[in-house]
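> Curious how this folds, go ahead:
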Amino acid sequence: MGKPMRDLVARFIEETGADAVVVACSTVKRNETKTYFGVFGNILACRGLVDELYTEVVEDSGEAVEDENE
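Down below sits the predicted model:
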C-alpha cells in the first residue's frame with residue numbers, strides 16, 4: 001500500500017482512536033483488476049474485522065460462494 005493510503009489510515013486512526021483498520025481496494029486498468037489489502041494495528045482485531053465483514057457481506061447476502069479449492 002502506498003504512502004497516500006498509509007497517510008490516510010494514520011490520520012483516520014489518530015482521529016478516531018481505532019485500534020485496528022482493514023483496507024481493501026481495487027483498480028481496473030485495461031481490463032485488468034488489481035486488488036490491494038492492508039491491515040493496520042492489532043492483528044487479532046484485524047482478523048475479527050475481516051471475519052465480521054465476510055459474514056456481513058457474503059453470508060448474510062444469501063448468495064452462494066464457490067470455493068476455488070473444490
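> ok so residue 36 is a strand residue?
Yes - according to DSSP: H, G, I helix; E, B strand; the rest coil, residue 36 belongs to a strand.
> Please report how far the spatially closest residue to residue 39 that is not a sequence neighbour lies from residue 25.
Excluding the flanking residues, the one nearest residue 39 by Cβ to Cβ, 6 or more residues apart in numbering is residue 46, at 4.2 Å. From N, CA and C alone the C-beta is placed, and that goes for glycine too. Distance of residue 46 to residue 25, computed by Cβ to Cβ, to the nearest Å: 16 Å.
> who has more neighbours, those two?
Neighbour count, other Cβ atoms under 10 Å: between residue 46 and residue 25, residue 46 has more, with 17 against 11.
> counting contacts, what elements does the strand or helix carrying that one pack onto?
Secondary structure assignment for residue 46, by DSSP states H and E: helix 43-57. Counting contacts by 3 or more Cβ pairs under 8 Å, 6 or more residues apart in numbering; DSSP states H and E, helix 43-57 is packed against strand 20-29.
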